[in-house]
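Colleague: quick one: sequence plus predicted model below, questions after.
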Number of protein chains: 2
Amino acid sequence: MIKTERLQADIEALRAISDPCNGGVTRIGFTERYRQGVEYVKQRMQECGLTTYEDEIGNLYGVMEGQDSSAAKIISGSHLDTVRNAGAFDGIAGVVCALEAARVIKERGIKLKHTYEVLGFIEEEGTNFGQVLLGSRFISGDLTDADKDRFISKDKQPLREVLSNYMQGIETVPACRKNDNILAFLEVHDEQGPVLQETNTDIGIVQSIVALSQLSISITGFAGHAGTVPMNLRQDAGLAGCSLVSRMTSYVLRKYTNEATFTVGKFSLLPNSSNCIPNNCSFTIDLRSGTQAIVDNVLDYLQDMKKLVEQEYNVTIDVNIDSYKDEVVMDQGLQQLIAESCDKLGLSYRNINSGAGHDAMIMANLCKTAMIFIPCDRGITHHPLEKVEWEDMRKGTELLLETILRLDSQF
Amino acid sequence: MIKTERLQADIEALRAISDPCNGGVTRIGFTERYRQGVEYVKQRMQECGLTTYEDEIGNLYGVMEGQDSSAAKIISGSHLDTVRNAGAFDGIAGVVCALEAARVIKERGIKLKHTYEVLGFIEEEGTNFGQVLLGSRFISGDLTDADKDRFISKDKQPLREVLSNYMQGIETVPACRKNDNILAFLEVHDEQGPVLQETNTDIGIVQSIVALSQLSISITGFAGHAGTVPMNLRQDAGLAGCSLVSRMTSYVLRKYTNEATFTVGKFSLLPNSSNCIPNNCSFTIDLRSGTQAIVDNVLDYLQDMKKLVEQEYNVTIDVNIDSYKDEVVMDQGLQQLIAESCDKLGLSYRNINSGAGHDAMIMANLCKTAMIFIPCDRGITHHPLEKVEWEDMRKGTELLLETILRLDSQF
């Protein structure tokens, strides 16, 4: 039986393994503290009979050998690193659920046909090297040995040097599993958004990890004295910016409320003086959708609005697309299998897109991949207040276990 | 006859008396450079037979005694100090026009009944002591001897100390003229806005120096991940800010295009990260109108919009009124006299409000006061590009002279 007290004990133990910070968890990849966290998880893996090893980049594995050594592997896990002053669940919860699933399989004396691996990715957050998804990208072969000299840590050391220190006395295997025989990768993660909680739903079955475009907008108007230039003769870059932001947001809200997000996180004016009409306005756009066509549609609409606002406010608008990434679609068959498992277990579920990136989007290059979201209080994440109910972690583990068993019997 | 070459020579000479800066004029009150500027003007005053003196605060006078020593005085002038890297006309033009009027009176052998004084105010811009209209406020009695210890210069010296250095070897008279018998103060100034140029009008007759309210707005929402919180569940402080700015501006534009200005010069978000929904948005409002009731109406509308935006975006909005100043109405009789003078001289004119503050608003506490605006290219001011056509300076001087002569004969 799945034991919530074990889930809780692991989460709380890992919460406590933290560098000093402001009430949250700070366990950044490749640090001494991170090593401590890895050793904790490794011991728990070994306790329940998993064989543990680390790869050359520091990803941690706990392996339960299957009956059929030629059968493709089933892998589940998430990352063990945190951002600074993080919550206790982002990433960690997925490893803890996968580990609990292994415990229950062992306890029930179930012999899986397929080998089952619990995986703890390193440096998903990219806090140390500024490279998100670092661990999984070495596993997928996206990153290679040469990159160890290219990436420099926050303390200005190359990854190779940091690794030789971090891995001292530990035997490792190559990270890349491009040629490995993997049946599926399953990642349990807290939603990091409020939808499941708001809709009182147990489980989110991720359809896709969203397409993400990041843009910088720069608007050039003409400065002037706040008191002496009449409203109708102004070229106010700030007003043009506010108008463009309002128009774009209204459009996305009206047309794609639950299908896209449009966020202006940075916004600034020049000369930024209270009695001066701004001659420049710069802001960022973060645009995400599970459907690439929606991203493209919003970008088209932006071009239309740009012309309209340029005319209306007599300004010039530069639109710069800083990044444009396609969505990563999760495996349909696995989604179906998870939905069936929910039905069997009496868990309510809904399809959902992941607005954030996850190791799963990298693993999708190697094998069939799916993600199971569990509710998180008010969507708060990357914050000490991040909270997942223990009962929701239990449900997530139960669903993961059921999915593993179905996969094992069907393939 | 008014000579444009004399107007030009004075402006260009004073343009050249500048501390090093980026192509403009920097002649800040109480500096050595300011002393040089004052000495230049003093010499020109003396050359045309004016008696010069300085008051205790550094205001410069050039006096033409009238035939009737008991008659009230007519004063005209503006300020001689500049902001950093300013244009050559703001303030200076008004002193130069008043001086040229004196020259022409002398040249024509006109004997005025009233004493005519040319006045160069010090530290109108407040660049040295952070106190705008400093010179005129000592004249009006608004500031007194005690304030000399209270005000601290940009170099951290009290005004009294700065004055004892600046005034070394110069005899001075008391600044306050509260009990003096003054018939009128007339200030010629460039518009610092584009209206006269845009409407091809020679002269602006100022009706009032606008009421000015300055506000700080702080909007509190709730932070969140740009990708994981759906649009309809957000409490986006930045969007609320853009919406409030857009709504307020539309209202002012629609209802008070030429009667009020509404400027958002500062605008910032927290945490100001491109992938984070802003939990705070702060901005400033600079609201001006020649009619106090319009300012009050816009402030009322702001309260309505605050409630609406709070509801719509699920945020809290704090509105803080940092300053609230009534308009200063110029003397009706003087406005009439100036309009009649325009008619006689064939100058086109329109009524206009001054969106910026001027020494005239302080002098209005002492005597009948009026302002004559002359066009300035594209409204550019406080900038090296500030430009007034010599012909427009001539027209302004001609009108000032005509007005002085009418005043002299009518009172």
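Modeller: All right, it came through fine.
Colleague: distance of the closest residue to chain B within the stretch 301-411 of chain A relative to B:Thr316?
Modeller: Per C-beta to the nearest C-beta, A:Gly355 is where the stretch 301-411 of chain A lies closest to chain B, at 2.7 Å. The C-beta positions use only the backbone N, C-alpha and C, and glycine is treated the same way. Distance of A:Gly355 to B:Thr316, computed by C-beta to C-beta, to the nearest Å: 25 Å.
Colleague: equivalent analysis for A:Asn165, please.
Modeller: Taking C-beta to C-beta, one finds A:Asn165 at 49 Å from B:Thr316.
Colleague: equivalent analysis for A:Met330, please.
Modeller: Distance of A:Met330 to B:Thr316, given as C-beta to C-beta: 38 Å.
Colleague: cool, and A:Gln303?
Modeller: 35 Å.
Colleague: neighbour count: the two, which is higher?
Modeller: B:Thr316 (14 against 11; other C-beta atoms under 10 Å in any protein chain shown).
Colleague: please name the bridge partners of the more buried one.
Modeller: With DSSP bridges as the criterion, B:Thr316 is bridged to B:Thr220.
Colleague: same question, A:Ile372
Modeller: Where A:Ile372 sits in a bridge, its partners, by DSSP bridges, are A:Val188, A:Ile205.
Colleague: does it touch A:Gly396 like I think?
Modeller: Yes: in this structure, A:Ile372 is within contact of A:Gly396 by C-beta atoms under 8 Å, at 5.9 Å.
Colleague: common neighbours of those two, please.
Modeller: A:Val188, A:Ile203 (C-beta atoms under 8 Å, 6 or more residues apart in numbering or on different chains).
Colleague: over to the residue of the stretch 1-150 of chain A found nearest chain B: give its phi and psi.
Modeller: The minimum distance from the stretch 1-150 of chain A to chain B, using C-beta to the nearest C-beta, falls at A:Asp90 (10.1 Å). Reported as degrees, to the nearest 10, the phi and psi values for A:Asp90 are phi -50, psi 110.
Colleague: so which strand or helix has the residue lying closest to A:Met231 once chain neighbours are set aside?
Modeller: Sequence neighbours aside, B:Leu253 is the residue nearest to A:Met231 in space, at 5.1 Å (criterion: C-beta to C-beta, 6 or more residues apart in numbering or on different chains). Using DSSP states H and E, B:Leu253 sits in helix B:237-256.
Colleague: packing partners of that helix?
Modeller: If you count contacts as 3 or more C-beta pairs under 8 Å, 6 or more residues apart in numbering or on different chains; DSSP states H and E, helix B:237-256 packs onto helix A:237-256, strand B:211-220, strand B:260-263, strand B:267-270, strand B:280-289, helix B:292-313.
Colleague: identify the residues contacting the last one?
Modeller: Think helix B:292-313. Outside helix B:292-313, the residues that touch it by C-beta under 8 Å, 6+ apart are B:211, B:213, B:215, B:221, B:234-237, B:239-240, B:243-244, B:247-248, B:251-252, B:256, B:259-260, B:262, B:285, B:287-289, B:315-317, B:319, B:321, B:324, B:326-327.
Colleague: can you list the residues of the stretch 251-400 of chain A near chain B?
Modeller: Taking C-beta under 8 Å from any C-beta of the partner chain as the measure of proximity, the stretch 251-400 of chain A contacts chain B at A:252-253, A:256-258, A:260-269, A:271-278, A:284, A:286, A:288, A:354-356, A:379-382.
Colleague: can you do 7 Å?
Modeller: Taking C-beta under 7 Å from any C-beta of the partner chain as the criterion, the stretch 251-400 of chain A approaches chain B at residues A:252-253, A:257-258, A:261-269, A:272-278, A:284, A:286, A:288, A:355-356, A:379, A:381.
Colleague: for the residue nearest to A:Ile321 when sequence neighbours are not counted, what are its contacts?
Modeller: In space, A:Ile321 comes closest to A:Leu215 once its chain neighbours are excluded; the distance is 5.3 Å by C-beta to C-beta, 6+ apart. Residues in contact with A:Leu215, defined by C-beta atoms under 7 Å, 6 or more residues apart in numbering or on different chains, are A:Thr284, A:Ile285, A:Val319, A:Asn320, A:Ile321, A:Asp322.
Colleague: point me to the residue of the stretch 151-300 of chain A nearest chain B.
Modeller: A:Gly227 (2.7 Å).
Colleague: neighbours around that residue, how many?
Modeller: Neighbours around A:Gly227, by other C-beta under 10 Å: 23.
Colleague: from B:Gly290, how far off is it?
Modeller: Taking C-beta to C-beta, one finds A:Gly227 at 11 Å from B:Gly290.
Colleague: same thing with A:Thr115?
Modeller: Distance, A:Thr115 to B:Gly290, using C-beta to C-beta: 82 Å.
Colleague: the two: which is more packed in?
Modeller: Taking other C-beta under 10 Å, A:Thr115 and B:Gly290 do not tie; B:Gly290 has more neighbours (24 against 20).
Colleague: what sits against the nearest residue in space to that one that is not next to it in sequence?
Modeller: Leaving aside its chain neighbours, B:Gly290 sits nearest to B:Asn353 (3.5 Å; criterion: C-beta to C-beta, 6+ apart). Residues in contact with B:Asn353 (C-beta under 7 Å, 6+ apart) are B:Val206, B:Gln207, B:Ser208, B:Val210, B:Gly290.
Colleague: for B:Asn353, phi and psi?
Modeller: Dihedral pair for B:Asn353: phi -100, psi 150, per degrees, to the nearest 10.
Colleague: give me the pLDDT for it.
Modeller: pLDDT recorded at B:Asn353 is 92.
Colleague: same check on A:Gly224?
Modeller: Per-residue pLDDT puts A:Gly224 at 87.
Colleague: check A:Ile219 too.
Modeller: If you check A:Ile219, the pLDDT there is 98.
Colleague: could you do A:Tyr313 as well?
Modeller: Among the per-residue scores, A:Tyr313 shows a pLDDT of 97.
Colleague: whether the helix or strand bottoming out on mean pLDDT in chain A contacts chain B - can you check?
Modeller: Every helix and strand of chain A was ranked by mean pLDDT, DSSP states H and E. The lowest is strand A:224-225, at a mean of 88. Yes: using C-beta under 7 Å from any C-beta, strand A:224-225 reaches chain B at A:Gly224, A:His225.
Colleague: partner strands of that strand and their direction?
Modeller: Going by DSSP bridges, the partners of strand A:224-225 are strand A:276-277 (antiparallel).
Colleague: contact partners of the strand it pairs with?
Modeller: The contact list for strand A:276-277 (C-beta under 7 Å, 6+ apart) reads A:Ala223, A:Gly224, A:Ala226, A:Val229, A:Arg234, A:Asp236, B:Thr263, B:Gly265.
Colleague: name all residues that make contact with the residue of chain A positioned farthest from its centre.
Modeller: For chain A, the residue at maximal distance from the C-alpha centroid (C-alpha atoms, centre = their mean) is A:Thr228, at 50.3 Å. With contacts defined as C-beta under 7 Å, 6+ apart, A:Thr228 is in contact with B:Glu191, B:Gln192, B:Gly193, B:Gly355, B:Ala356, B:Gly379.
Colleague: what do you get if the cut-off is 8 Å, keeping everything else the same?
Modeller: By C-beta under 8 Å, 6+ apart, A:Thr228 lies in contact with B:Glu191, B:Gln192, B:Gly193, B:Ser354, B:Gly355, B:Ala356, B:Gly379, B:Thr381.
Colleague: gap between the first one and A:Ile277?
Modeller: B:Glu191 sits 15 Å away from A:Ile277, going by C-beta to C-beta.
Colleague: now do the fifth one
Modeller: If you measure B:Gly355 against A:Ile277 using C-beta to C-beta, the figure is 11 Å.
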